[in-house]
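Colleague: fold the following for me, if possible:
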Amino acid sequence: MPALPGPLLRATLACAWLACLLAGSARAASPDYLSFATEDEANTTEIFSRASPAVVYVTNTALRRSFFSLNVEEIPRGSGTGFVWDKSGLIVTNFHVIAGAHRLTVTLQDRSSYDAAVIGVAPEKDLAVLRIENPPDDLVTLPTGDSSELSVGRKVLAIGNPFGLDTTLTTGIVSALGREIQAPGNRRIRGVIQTDAAINPGNSGGPLLNSLGQLIGVNTAIYSPSGASAGIGFAIPVNTVKDVVPQLISYGRVLRPMIGVELASDRWVRRYRIDGLPVVQVYPGLPADRAGIVGAYRGARGEVVLGDIITHIDDRVMRSNDDYYAALEEHEPGDTITVRTLRADRRLSYRVQLIESQ
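Modeller: This is a model prediction of the structure:
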């Protein structure tokens, strides 16, 4: 075969290159080409396909009076993410997503929107449960996992609506376990999952999933100087969610154990540099009263005299109200705890049986 002239050879090679490029594009567009994806890519794609229909968009609308006309009008207060808890129309999200709302709207993946009512809230856990009326029959729910089985380095996936961009997927790993973050009301949420999966404003309330597609956490916060993802996100572990959500559905709040006292605020304690938690009031007839714990009272000259100052519950040192509530939440109503106090330079110890909050 005679050699091709230079220009013709170059044109022939160019055509061949273009044909290869088009063939590659055709393969990329073909479903068969997915068989060439890596095992991890296939896993990610499958989980997103199964889980995304369960993820919803939550819009928070508040009322505001116009400065000029004095008319009351609805204004967007914020938005976030939630997910379907069960087929009856229950939705789980963060408390801070729905706080202060006059009206809540839940939008499903098919773009259908429903008004939502608040069923229960737990600000101390940053969780809330909503209900949509007359939900469709084909609602999709998420299987729940066990957050106690997590370990650092495990793959995780987050689905949410960052900056209003609905049903967005990000992936990463578990960066750390046992973190603490601050919830609304200045309580501390303990045992939190840290992840480097990108979590941006709007992701709050969305699910964090493992490589089996199971719910292992609820995305709730980020640490970022700019307000955007910096690779440090936090999620409430699913074991906490599984404990809190049924209580919110049944009672509208979390039923924590109690002994029947009111404590001084943390600000007051810091201001007067008190070691421990002063008991302001003991409620008559409740366990603390029956055990003999004494609250603050007025002295003969009208001054405030401190009664018992709680220093320990069992062997746990009490430095804040959050320490106190966290210690009680480790027990069940009916359990007996040891409350150690300081009263007028005397060290005292009480055995107190917990009761259910009223």
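
Colleague: so Phe48 sits in a strand?
Modeller: No: per DSSP: H, G, I helix; E, B strand; the rest coil, Phe48 lies outside any strand segment and is helix.

Colleague: tell me how many other residues crowd the closest residue to it other than its chain neighbours.
Modeller: Computed as Cβ to Cβ, 6 or more residues apart in numbering, the closest residue to Phe48 that is not its neighbour in sequence is Leu169, at 5.0 Å. (Glycine included, C-beta is placed from N, CA and C.) For Leu169, the neighbour count with other Cβ atoms under 10 Å is 18.

Colleague: Leu169 pairs with what?
Modeller: Beta-bridge pairing for Leu169 (DSSP bridges): Ile159.

Colleague: Thr170 contacts Ile199, doesn't it?
Modeller: Yes: the pair Thr170 and Ile199 qualifies as a contact (Cβ atoms under 8 Å) at a distance of 7.2 Å.

Colleague: domain ranges for the chain?
Modeller: Domains of the chain are assigned by automatic domain parsing as 51-132, 147-251, 257-356.

Colleague: start to end distance for the second one?
Modeller: What it means is domain 147-251. One end of domain 147-251 to the other measures 25 Å (Cα to Cα, to the nearest Å).

Colleague: coming back round to it: who's more crowded, Thr170 and Ile199?
Modeller: Ile199 (31 against 21).

Colleague: now that one: how far from Thr144?
Modeller: 20 Å (Cβ to Cβ, to the nearest Å).

Colleague: ok, Arg111 next?
Modeller: Taken as Cβ to Cβ, the span from Arg111 to Thr144 is 27 Å.

Colleague: now Gly80
Modeller: 20 Å.

Colleague: and Tyr251, by the same measure?
Modeller: In terms of Cβ to Cβ, Tyr251 sits 21 Å off from Thr144.

Colleague: more neighbours: which of those two?
Modeller: Each of Tyr251 and Thr144 has its neighbours counted (other Cβ under 10 Å); Thr144 has more, 16 against 12.

Colleague: and the more buried one, what are its phi and psi?
Modeller: phi -100, psi 140 (degrees, to the nearest 10).

Colleague: excluding sequence neighbours, find me the nearest residue to it.
Modeller: Nearest residue to Thr144 in three dimensions, chain neighbours excluded: Leu215, at 4.9 Å (Cβ to Cβ, 6+ apart).

Colleague: the one you found: what's it in contact with?
Modeller: 83, 142-145, 207-209, 238, 241 (Cβ atoms under 8 Å, 6 or more residues apart in numbering).

Colleague: partners of it in the sheet?
Modeller: Counting by DSSP bridges, the residues bridging with Leu215 are Thr144, Leu209.

Colleague: try Ile189
Modeller: Residues in beta-bridge contact with Ile189 (DSSP bridges): Ile181.

Colleague: distance of it relative to Arg340?
Modeller: Going from Ile189 to Arg340 by Cβ to Cβ gives 26 Å.

Colleague: shouldn't Trp85 be in contact with Leu130?
Modeller: No: between Trp85 and Leu130 there is no contact, the gap being 9.3 Å when judged by Cβ under 8 Å.

Colleague: name the residues contacting each of these two.
Modeller: Joint contacts of Trp85 and Leu130 (Cβ under 8 Å, 6+ apart) are 91-92.

Colleague: ok, now which ones touch the residue lying closest to Asn200 once chain neighbours are set aside?
Modeller: Of all residues not flanking Asn200 in the chain, Pro162 sits nearest, at 3.7 Å (Cβ to Cβ, 6+ apart). The contact partners of Pro162, by Cβ under 8 Å, 6+ apart, come to 168, 198-203.

Colleague: quick one: which of these has the most company?
Modeller: Going by other Cβ under 10 Å, Ile199 tops these with 31 neighbours.

Colleague: quick one: it and Ile193, what's the gap?
Modeller: 11 Å.

Colleague: tally of neighbours for Thr45?
Modeller: For Thr45, the neighbour count with other Cβ under 10 Å is 13.

Colleague: where's it, which helix or strand?
Modeller: Here Thr45 sits within helix 39-51, counting by DSSP states H and E.

Colleague: which strands or helices does that helix pack on?
Modeller: Applying 3 or more Cβ pairs under 8 Å, 6 or more residues apart in numbering; DSSP states H and E, we find helix 39-51 packed against strand 155-160, strand 168-182, strand 207-210.

Colleague: which of the ones you listed is buried the deepest?
Modeller: strand 207-210 (a mean of 28; mean count of other Cβ atoms under 10 Å).

Colleague: just the strands from the stretch 201-350 of the chain, written as ranges.
Modeller: For the stretch 201-350 of the chain, the strands defined by DSSP state E, counting those that start in this stretch cover 207-210, 215-222, 233-237, 257-258, 261-263, 277-282, 297-298, 304-305, 309-313, 316-317, 336-343, 346-353.

Colleague: partner strands of the fifth one, parallel or antiparallel?
Modeller: According to DSSP bridges, the neighbouring strands of strand 261-263, each with its direction, are strand 277-282 (antiparallel).

Colleague: who touches the strand it pairs with?
Modeller: 260-264, 268-269, 288-289, 293-296, 306-311, 318, 320-321, 323-324, 341.
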